[in-house]
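# next come a sequence and a model predicted from it.
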Amino acid sequence: MEEQHTSLNIHLGHTIRNHRKRHHLTIAEVSKLAGISVGMLSKIENGHTSTSLETLEQLSKALGVTLSSLFFGYNKPTDSAQFVKSGQGLEVVRRGTKSGHTYHLLAYNQNQNVTLEPFLISIEEIEDFPFFSHAGREFIYMLEGEVSYQVGDEFFLLQAGDSLTFEGETPHRPDNINKTPIRFLSIISDNKELA
């Protein structure tokens, strides 16, 4: 039982560190946002201590992820298939998410070297979007609506059936929504071996 507990601590620590690095945040920044000491966060990330659900919830909010996402992949067979029914993807909160703008995570598979995050993004209301930037590459496939999408200094008119692929570190955002509702598939892939 103690071995399983240690395994969970290591899993949580790696997951928290990966989320922190993906958002380019320092230990000091996350510890301040979560209201815990730098030393405690370091112990958590290294799997050297158990922590309460309350502290994990504070950390998940500081990292902009759901509490349940910290447990994804724990004690799960690595080669299993994953099936998500229509409308059943986990709704997650991402930086810049506002009312009328939802992200549904469609798969939770991650392995040691590659992270794959497929999202179904729905935008019901016209709003001013911040720029996003993240590790890895992003692939967008438009399902419905029409949007001008900015990647760096370039603008692309995306309509149903169009796709766009770019480096996630290049600042990007929906620039101008021409026709709502907007629905598109966004797949972010990050190969950690190359990072």
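Nice, thanks for sending it over.
# which elements pack onto the longest strand seen in the chain?
In terms of residue count, the longest strand belonging to the chain (DSSP state E) is strand 172-191. When contacts are defined as 3 or more CB pairs under 8 Å, 6 or more residues apart in numbering; DSSP states H and E, strand 172-191 packs onto strand 114-123, strand 137-151, strand 154-159. The way it works is simple: take the backbone N, C-alpha and C, and place the C-beta from them, glycine included.
# can you do 10 Å?
helix 2-22, strand 101-105, strand 114-123, strand 137-151, strand 154-159, strand 163-167 (3 or more CB pairs under 10 Å, 6 or more residues apart in numbering; DSSP states H and E).
# please parse this structure into its domains.
2-69, 90-191 (automatic domain parsing).
# pLDDT weak spots in this structure?
1-6, 74-84, 87-101, 103, 107-114, 191-195 (pLDDT under 70).
# let's see it at 90
1-12, 19, 21-25, 47-57, 60-137, 168, 175-181, 187-195 (pLDDT under 90).
# which one of the helices and strands packed on strand 172-191 lies nearest to Thr180?
strand 137-151 (5.8 Å; CB to CB).
# buried residues, the closest one. List them.
Glu138, Ile140, Tyr141, Met142, Gly145, Glu146, Val147, Tyr149, Gln150, Val151 (16 or more other CB atoms under 10 Å).
# turn those residues into JSON lines, including distance to Asp190.
Listed next are those as JSON lines, based on distance: CB to CB, whole Å:
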{"residue": "Glu138", "distance to Asp190": "10"}
{"residue": "Ile140", "distance to Asp190": "16"}
{"residue": "Tyr141", "distance to Asp190": "18"}
{"residue": "Met142", "distance to Asp190": "22"}
{"residue": "Gly145", "distance to Asp190": "27"}
{"residue": "Glu146", "distance to Asp190": "29"}
{"residue": "Val147", "distance to Asp190": "24"}
{"residue": "Tyr149", "distance to Asp190": "20"}
{"residue": "Gln150", "distance to Asp190": "21"}
{"residue": "Val151", "distance to Asp190": "17"}
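# most widely separated two among these?
Glu138 and Glu146 (19.2 Å).
# for the buried residues of strand 137-151, which one is nearest Ile187?
Glu138 (7.0 Å).
# give me the beta-bridge partners of the closest one?
Beta-bridge partners for Glu138, by DSSP bridges, are Phe166, Ile188.
# burial of Ser68, as a residue count?
Ser68 sits with 11 neighbouring residues when counted by other CB atoms under 10 Å.
# okay then, goodbye and thanks.
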